[in-house]
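[1] After the sequence you'll find the predicted model.
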Amino acid sequence: MDSNIHQWFGNSVGHYEGNTLVVETTNFTDKTAFRGSSEKLRVIEKFTRADADTIQYEFTVSDPTTWEKSWTAQVAWTKSTGSVIYEYACQEANYGMRNILSGVRETEKDEAAAKK
């Protein structure tokens, strides 16, 4: 991507280093302003499978106009068990959502009645 084209969430490019997925994001806009950052913001994320139930997530943030040096954080993501994971989607101004959900609720009622 052209380094002159900036996006709110930057431009992400990933590659593997062994069993770690590394994603580098640059080309943010001046509107992103993560913790006061500038267009020079650079984020490097690393996703490593630690075991069957855990992903080690690490990210490094740098912006020479905002911080004196880069900083890094790590979080262990553990597998969710026994719970449903719902898709995240922005439904703002989605006027059809009421109809979609009401249709699903009617189907659920019909299925429950059929089981009785």
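    That came through, no problem.
[2] can you pull out the strands in this structure?
    Remark: strands assigned in the chain by DSSP state E are 11-17, 20-26, 42-51, 54-62, 71-78.
[3] Pull up the per-residue confidence for the nearest residue to K69 once chain neighbours are set aside.
    Distances taken as Cβ to Cβ, 6 or more residues apart in numbering put S62 closest to K69, at 7.8 Å, once the chain neighbours are dropped. To be clear about C-beta, it is placed using only N, CA and C from the backbone, and glycine gets the same treatment. Looking at S62, its pLDDT stands at 94.
[4] try W71
    As predicted, W71 sits at a pLDDT of 95.
[5] residues near it, how many?
    For W71, the count of nearby residues is 11 (other Cβ atoms under 10 Å).
[6] My understanding was that it contacts E58; is that so?
    No - counting by Cβ atoms under 8 Å, W71 stays clear of E58, with 11.5 Å between them.
[7] contacting residues for the nearest residue to I5 once chain neighbours are set aside?
    Using Cβ to Cβ, 6+ apart and skipping the chain neighbours, the partner closest in space to I5 is N27 (6.5 Å). By Cβ atoms under 8 Å, 6 or more residues apart in numbering, N27 lies in contact with 1, 3, 5-7, 10-11, 39.
[8] got it, and H15?
    Contact analysis of H15 by Cβ under 8 Å, 6+ apart lists 21-22.
[9] and if we set it to 10 Å?
    Each residue near H15 by Cβ atoms under 10 Å, 6 or more residues apart in numbering is listed here: 21-24.
[10] separation between E68 and S62?
    From E68 across to S62, the span is 10 Å (Cβ to Cβ, to the nearest Å).
[11] out of those two, which sits in the busier spot?
    Between E68 and S62, counted using other Cβ under 10 Å, the more crowded position is S62 (16 against 6).
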